[in-house]
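In: let me see the structure of the following:
(chains A and B)
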Amino acid sequence: DQQVKQNSPSLSVQEGRISILNCDYTNSMFDYFLWYKKYPAEGPTFLISISSIKDKNEDGRFTVFLNKSAKHLSLHIVPSQPGDSAVYFCAAGNKLTFGGGTRVLVKP
Amino acid sequence: EAQVTQNPRYLITVTGKKLTVTCSQNMNHEYMSWYRQDPGLGLRQIYYSMNVEVTDKGDVPEGYKVSRKEKRNFPLILESPSPNQTSLYFCASSETAKMYGYTFGSGTRLTVV
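Out: Just a heads-up that it's a prediction; the model follows:
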């Protein structure tokens, strides 16, 4: 059973608008959460993270929100740019348990 | 340039023919790990190593072996590949056991026919 789930396999958004990616987890022991971005033919690259003691972390256009009671985190990209088109994975815990990924397409 | 290097990038092999995928990092990282990526399942950890001669199973270790004789290298061995091991494989390394900021290799696409 997957401990980390991304229920939306794909997302299409217009350039300049907000992209919201969601991730749910089941293990309440997870104390750290990360988002990775992956382009075709490349390995995943670290994007942003959040500790369980926080509920929000911001880095430029990227903000991650954590709702521990709901075991839910989300990644907001504002404004979305065509170069953001990629697959995004959320991951949790020390051993990096990954979700299934969400493919984002930003249309010019 | 700090990097994790995997070879080969692409490999097609036949069932039962032993193969090795190499992984090397130049960052003096202690922690290394192998993942496989399959559609809808994300990345699943196969094996990890906390330091030289210290390895342990991840979530999907069946059919794989690893070794860590040197700090920089962490090869993945498939003794008798089967078609269900057709996948995209990633090696990664990290400075600490807490895998924040893992550095990933570019991937090895393996097809077993």
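In: what stretches of chain A score poorly on pLDDT?
Out: Of all residues in chain A, those with pLDDT under 70 make up the ranges A:1.
In: enumerate the residues of it near chain B.
Out: Listed as neighbours of chain B in chain A under the rule Cβ under 8 Å from any Cβ of the partner chain: A:2, A:4, A:6, A:9, A:32, A:34, A:41-46, A:49, A:89, A:91, A:94-101. Glycine gets a C-beta too; all of them are placed from N, C-alpha and C.
In: can you name the residues bridging to the residue nearest in space to the middle of chain B?
Out: Compute the mean C-alpha point of chain B, and by Cα atoms, centre = their mean the closest residue is B:Trp34, 3.0 Å away. Listed beta-bridge partners, B:Trp34: B:Tyr47, B:Cys91 (assigned using DSSP bridges).
In: who's in contact with the closest residue to A:Ser10 other than its chain neighbours?
Out: Distances taken as Cβ to Cβ, 6 or more residues apart in numbering or on different chains place A:Arg103 nearest to A:Ser10, at 4.5 Å, with adjacent residues excluded. The neighbours of A:Arg103, taking Cβ atoms under 8 Å, 6 or more residues apart in numbering or on different chains as the test, are A:9-11, A:86-87.
In: tell me which two of these sit farthest apart.
Out: The distance between the two most remote of those (Cβ to Cβ) is 13.7 Å, for A:Pro9 and A:Ala86.
In: which of the residues of chain A next to chain B fall within strands?
Out: The strands in this structure, assigned by DSSP state E, contain A:4, A:32, A:34, A:45-46, A:49, A:89, A:91, A:97-98 from the residues of chain A next to chain B.
In: just the buried residues out of those residues, in PyMOL syntax.
Out: The PyMOL command for the buried members of those (criterion: 16 or more other Cβ atoms under 10 Å in any protein chain shown) is given here:
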select buried, chain A and resi 4+32+34+49+89+91+97+98
